[in-house]
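A.B. asks: Fold the stuff below for me.
(2 chains)
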Protein chains: 2
Amino acid sequence: MDNKILDLIEQKDFMLLKEELTKVRSIDIAEAFDDLDKKNTIILFRLLQKDKAAEVFSHLTYQQRKDIVNAMNETQLKEILEELFFDDKIDFLEEMPSNVIKRILATATEEERKLVNQFLKYPENSAGSLMTIEYVDLKKEMTVKEALNYVKKVGMNRETVYTCYVLDEKRKLEGIVSLRKLVLSDEDLLIKEIMEKDIILTHTMDDREYITSLFKKYDFIALPVVDKENRLVGIITIDDIVDVMDKVTTEDFHRMAAMEPTDEEYLHTDVFALAKKRIPWLLILMLSATFTGGIIGKYESVLEAIVTLNMFIPMLMDSAGNAGTQSSTLIIRGLALGQIQMSDYLKVFWKELRVSSIVGLVLAAINFFRIITIERISNDIALTVSVTLFFTVVLAKVMGGLLPVIAKKLKADPAIMTGPLITTIVDALALVVYFNIAHFMLGV
Amino acid sequence: MDNKILDLIEQKDFMLLKEELTKVRSIDIAEAFDDLDKKNTIILFRLLQKDKAAEVFSHLTYQQRKDIVNAMNETQLKEILEELFFDDKIDFLEEMPSNVIKRILATATEEERKLVNQFLKYPENSAGSLMTIEYVDLKKEMTVKEALNYVKKVGMNRETVYTCYVLDEKRKLEGIVSLRKLVLSDEDLLIKEIMEKDIILTHTMDDREYITSLFKKYDFIALPVVDKENRLVGIITIDDIVDVMDKVTTEDFHRMAAMEPTDEEYLHTDVFALAKKRIPWLLILMLSATFTGGIIGKYESVLEAIVTLNMFIPMLMDSAGNAGTQSSTLIIRGLALGQIQMSDYLKVFWKELRVSSIVGLVLAAINFFRIITIERISNDIALTVSVTLFFTVVLAKVMGGLLPVIAKKLKADPAIMTGPLITTIVDALALVVYFNIAHFMLGV
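C.D. replies: Below is the predicted model:
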């Protein structure tokens, strides 16, 4: 499908291309843009019909949108923006430089300008910034028949018609009616007789994690957003929540891998921006690892006495890091999904203590056996290494389990505690345990 | 809300409790079960009305369901199962031991038994295992009015009515009509005049990642599933896809943290099961880390000549691991979201080469400065460590970027390549680079 578009551009057969474009879905057209240069981007965009152009536009990347905006005059720009759903319009305005926003708002009505400015003020990741204003509002005195006729009249321009919102004269939310209920109900019934009054809702300042948890728990396809006076100001739909879920997860992955989180696609981010996201944590971790190196420096005499002990340092450090990361990842993910609460810290401690004892015993036993049979090193040293391994695994897992819960308690981000910090912390612990056990058991 | 339920059970006020339960949402009732023992679980469940009981049942944990099933007779069990949506019924049967399945199927009709057996055969995570059979089917010769009346008649027992499926007499899928379109269209139009014929669909054996990508791309709330002959066999709804997204991500997190993935909630999993998920990878990594230790053993003479070199090993190993994990995590996530393709490997290589050069230079420069000013160690050694750091970061990032793509190409799981393997591989590389540069620059 995409290839056909690209071929027609190549052949400059714009008549045929224009017709072809009416048959292809907006999202598939948007994907074709990825393979175009700036000139062809603008050519292709100009060939789209107005309503389709707006749909395609909402799927394009930041750079593609910017190229298109710069090539359009005020009238053309206004036409596109009028066709956009309000949330897409706000998303677009948020990423544009202020001179473009000025150009756009110059042609807007006073009322619209006020609304746009209000929306631009909602904090990123709040319900206010996620919602759209195109919903169906009903009155409770309407009959089902009147309500269905109203849906028929306005439904075309609403993001969803499947959930309708019953408002009083002050726009306060009184109830919710699904289109399913409307269609299945007797047409002479009144809306107030069939509406759901026990409403689950969010407030403009609620954060996206909380909103996502509501969608997951109640299997909604839309959720109303109200202001402090309980007036309906917008709705959030499930398709936006699906995107939010991906973003939140991506940020967690990035944090756990010691990077500043980003939304932007890897292939579309330039190398300096990527380097900037990575350097800070690597620096912090590099400097804290010198502290670990300092521990080796401090116990140099032990290592000089028995040089063989050196050989086991990578294994002990890696095992500590891996064991700790396993536990912290499980707990961070459990916290993110709401399966583990902060109040569960004693349960986590007790569980990790038992799991780590089992894991530590198995690892230590196999390690001991391996050293005396394959490496043929003295029993003393094999025992020292294995006992260290056991305690290291237990310590790493208990710390890995508790650190994310403590972070959450301190209102820090639990994801930061794994990957980056847990490895460094347990590495240092592993060495301290190692040298002390060696000192005690081998008398060095 | 939950607390009220628990209080009433405590007070054994079952009359009031029964009434209270009619007012509370199923999912909230299901959550109250988490705080009950076996006896009260069964008491509370028996107080629920039949249709609500089925809804609550579909939200309970494996153990809670088992307790309830064991306390019910055939008739009661059958009543509950009849109220369940078909996909929930199959999910339930899949987790029950065979004697329970026998008890349940004993009371089913021949036709139902055949259907259940067919569904139980679909592979886990396939479209077949995710779909349900309660959809609305229309005929293309119906008028919009007839179709709406039909929806009115059957809609109550269908998982969704928002997408309706147009089938021919052989149940082949000919088109799709949304309820929105039905409500907004003139009631005398024929379904074939308004149906969407360009259908996005899935086949019973398609896997869940592919299905999820379709939902994300096209913002669907339901997707049809057809068999090889293009006959409609079921539908998948967005609420199930939201759950799938969480499961897939959780599995990726687990794999990247060197664990066998699991669906079960941490707090509900026993310690031996948890240990079993963690030991295999820790063992593999422990054994491969001894290989890294072997490298130290091999270059013992270098370390004995300049003992100070020892101190920098943790910093070099940690930086290598962290730098590699950053890159592999970015690429794995990009692959999972479809933002990076296998064919992009050259782009990834070139991008990582440039990013890592910048990152490596910054880290090496700061490291050099730190060693000569704070640690006051000779310039030779500071230079050796810093040059090693630069090459280590570059190697780690290029490997971290390419390994996931190679894994995907070899049809292995890219998530396995990060956390667990990348650290071990780049640790070993870091040491080899270190000792060779030391040998070359310091002449040891």
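
A.B. asks: secondary structure element for residue A:233?
C.D. replies: Per DSSP states H and E: residue A:233 is located in strand A:232-237.

A.B. asks: Show the subsequent helix or strand relative to that strand.
C.D. replies: Counting by DSSP H and E, the next helix or strand C-terminal to strand A:232-237 is helix A:238-256.

A.B. asks: Pull out the buried positions in whichever helix or strand comes after that following helix.
C.D. replies: Following helix A:238-256 in sequence order, the next helix or strand is helix A:271-298 (DSSP H and E). Of the residues in helix A:271-298, A:271, A:274-279, A:281-283, A:285-286, A:288-290, A:292-297 count as buried by neighbour count, 16 or more other C-beta atoms under 10 Å in any protein chain shown. (C-beta placed from N, C-alpha, C; glycine too.)

A.B. asks: do the strand holding residue A:233 and chain B meet at all?
C.D. replies: No - using C-beta under 8 Å from any C-beta of the partner chain, strand A:232-237 stays clear of chain B, coming no nearer than 8.5 Å.

A.B. asks: what's the angle between that strand and helix A:238-256?
C.D. replies: 70 degrees (axes from the mean of the first three to the mean of the last three C-alpha atoms, to 10 degrees).

A.B. asks: show me what contacts whatever residue of the stretch 1-150 of chain A ends up closest to chain B?
C.D. replies: Using C-beta to the nearest C-beta, the closest approach of the stretch 1-150 of chain A to chain B is made by residue A:27 at 5.6 Å. The contact partners of residue A:27, taken as C-beta atoms under 8 Å, 6 or more residues apart in numbering or on different chains, are A:59, B:217, B:218.

A.B. asks: So which of the residues you listed sit within helices?
C.D. replies: B:217, B:218 (DSSP state H).

A.B. asks: Residue A:315: which of the contacts of residue A:27 is nearest?
C.D. replies: residue B:217 (45.4 Å; C-beta to C-beta).

A.B. asks: which ones are touching the closest one?
C.D. replies: Going by C-beta under 8 Å, 6+ apart, residue B:217 touches residue A:27.

A.B. asks: cool, residue A:230 as well?
C.D. replies: Here residue A:230 is in contact with A:172, A:173 (C-beta under 8 Å, 6+ apart).

A.B. asks: And for residue A:93?
C.D. replies: By C-beta under 8 Å, 6+ apart, the contact set of residue A:93 is A:101, A:104, A:116, A:120.

A.B. asks: Point me to the helix or strand that includes the first one.
C.D. replies: Read that as residue A:101. Residue A:101 belongs to helix A:98-106, assigned by DSSP H and E.

A.B. asks: Strands of the stretch 101-250 of chain A, start to end?
C.D. replies: For the stretch 101-250 of chain A, the strands defined by DSSP state E, counting those that start in this stretch occupy A:136-138, A:163-167, A:173-178, A:202-203, A:222-226, A:232-237.

A.B. asks: what would those strands look like in TSV with mean neighbour count and distance to residue A:209?
C.D. replies: Below are the strands of the stretch 101-250 of chain A laid out as TSV (neighbours: other C-beta atoms under 10 Å in any protein chain shown; distance: least, C-beta to C-beta, whole Å):
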stretch	mean neighbour count	distance to residue A:209
strand A:136-138	20	28
strand A:163-167	23	22
strand A:173-178	20	23
strand A:202-203	19	12
strand A:222-226	23	14
strand A:232-237	24	13
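
A.B. asks: want to throw these into CSV with mean pLDDT and distance to residue B:316?
C.D. replies: Output for these, formatted as CSV (pLDDT from 0 to 100; distance: least, C-beta to C-beta, whole Å):
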stretch, mean pLDDT, distance to residue B:316
strand A:136-138, 94, 62
strand A:163-167, 95, 57
strand A:173-178, 95, 60
strand A:202-203, 96, 49
strand A:222-226, 95, 50
strand A:232-237, 93, 48
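
A.B. asks: Leaving out sequence neighbours, find the closest residue to residue A:421.
C.D. replies: Spatial nearest neighbour of residue A:421, excluding adjacent residues (C-beta to C-beta, 6 or more residues apart in numbering or on different chains): residue A:403 at 7.3 Å.

A.B. asks: Could you report the neighbour count for the one you found?
C.D. replies: 24 (other C-beta atoms under 10 Å in any protein chain shown).

A.B. asks: anything in stretch A:427-436 near chain B?
C.D. replies: Yes - Stretch A:427-436 reaches chain B (C-beta under 8 Å from any C-beta) through A:427, A:431.

A.B. asks: most neighbours, which of the contacts of residue A:93?
C.D. replies: Taking other C-beta under 10 Å as the neighbour criterion, residue A:104 ranks highest of the contacts of residue A:93 with 21 neighbours.
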